[in-house]
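Asker: Requesting a structural model of the entry that follows:
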Amino acid sequence: MTKPSVVKLEDVWVSYHETLALRAVDMEIEDGEFLGLIGPNGSGKTTLIRVILGLVKPDRGKVEVFGVPPDRLGARHHLVGYVPQRSQGDWSFPVSVIDVVMMGRYGRIGLFKRPSAADREVAMQALEDVQMHDFARRQLAELSGGQQQRVLIARALATEPKLLLLDEPAAGVDAYGEEKFYELLKGLKEQQGLTIVIVTHDIAVVSAHVEKLACLNQTLFTHASPAEVITAGTLEKVYGCEVELLAHGRIPHRVVEEHK
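Answerer: Residues are numbered from 1 along each chain as shown. Have a look, this model is predicted:
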């Protein structure tokens, strides 16, 4: 039985001035899907996320999120949670963990309205969901990179989303922390019925955890199971170079060699 679509893109083109970012992208993300979005630097991954968020309007093509264009979600805009790249934040800013998570509630209550006890309860539950409840009073700057990422996920969860978009969320996190991070995402997906899209460069790790891989380099090369993507020779086409096959767990992974 086919699941309903959460995101649907048809013939989407985006350019910045005269630089092409996305070309004829057709993509459909099903309800409950755990999707890894991969591709080389400058391939349009972040642009695609921004298109789904409604922050970038395509030059042509059709975009629907929960059945409507993203800029027409209105009161349902909270259904889309977003975790940006950690490099985009100022982590020295003096702010507590709970205050960061409460920022996720303002989209529901309005910028100039005072949060209620119920809003605070939602924020604390979001911290509980990412196993950071005991850090609520700590300063964000005191936390490790992995802990900060969990706080950013809690901020996104505080909006009570059904679609969670994450842009390079494990960048700068060590191997052990990265493994725990993906376990956390899988748990959230199952417990809250989330649809998750994660942008990453780490093909090997993401392939072991997600249900689908989407390979993007301006256009979408494939959107299939990791095993199908890796064994079909798609990665060479996407990255424009040969890759080395490695055995890793239940899925053979490939590591992209340095481009010449």
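
Asker: Dihedrals phi and psi, the residue nearest to His78 when sequence neighbours are not counted?
Answerer: When the adjacent residues along the chain are set aside, His78 lies closest to Thr159, with 4.4 Å between them (CB to CB, 6 or more residues apart in numbering). Quick note: C-beta positions are derived from backbone N, CA and C, even for glycine. Backbone torsions of Thr159, given as degrees, to the nearest 10, read phi -80, psi -10.

Asker: just checking, Thr159 touches Leu73?
Answerer: No. Taking contact to mean CB atoms under 8 Å, the distance of 11.9 Å between Thr159 and Leu73 leaves them out of contact.

Asker: Residues that sit against both of these two, list them.
Answerer: The overlap between the contact sets of Thr159 and Leu73 (CB atoms under 8 Å, 6 or more residues apart in numbering) consists of Val80.

Asker: what sits against Leu166?
Answerer: Applying CB under 8 Å, 6+ apart, the residues near Leu166 are 82-83, 153, 185, 196-199.

Asker: Just confirm it is within a strand.
Answerer: Yes. Note on Leu166: a strand contains this position according to DSSP: H, G, I helix; E, B strand; the rest coil.

Asker: If it is in a bridge, with which residues?
Answerer: On the basis of DSSP bridges, Leu166 is bridged to Val83, Ile198.

Asker: Could you point out which of the contacts of Leu166 is nearest to Gly42?
Answerer: Closest to Gly42 out of these is Val199 (12.9 Å), distances taken as CB to CB.

Asker: what's the burial count for the closest one?
Answerer: Close neighbours of Val199, defined as other CB atoms under 10 Å, add up to 24.

Asker: And for the one 10 residues further on?
Answerer: Per other CB under 10 Å, the neighbour tally for His209 reads 18.

Asker: Give me the phi and psi for it.
Answerer: phi -120, psi -30.

Asker: circling back: so Thr159 and Leu73 - more neighbours on which side?
Answerer: The neighbour count for Thr159 versus Leu73, taken as other CB under 10 Å, is higher for Thr159 (21 against 16).

Asker: what's the biggest helix by length in the chain packed up against?
Answerer: In the chain, ranked by residue count with DSSP state H as the criterion, the top helix is helix 175-192. For helix 175-192, the packing partners by 3 or more CB pairs under 8 Å, 6 or more residues apart in numbering; DSSP states H and E come out as strand 34-38, helix 117-129, helix 145-157, strand 195-199, helix 203-207.

Asker: Of these, which is nearest Gly177?
Answerer: Across the helices and strands packed on helix 175-192, the minimum distance to Gly177, taken as CB to CB, is reached by helix 145-157, at 3.9 Å.
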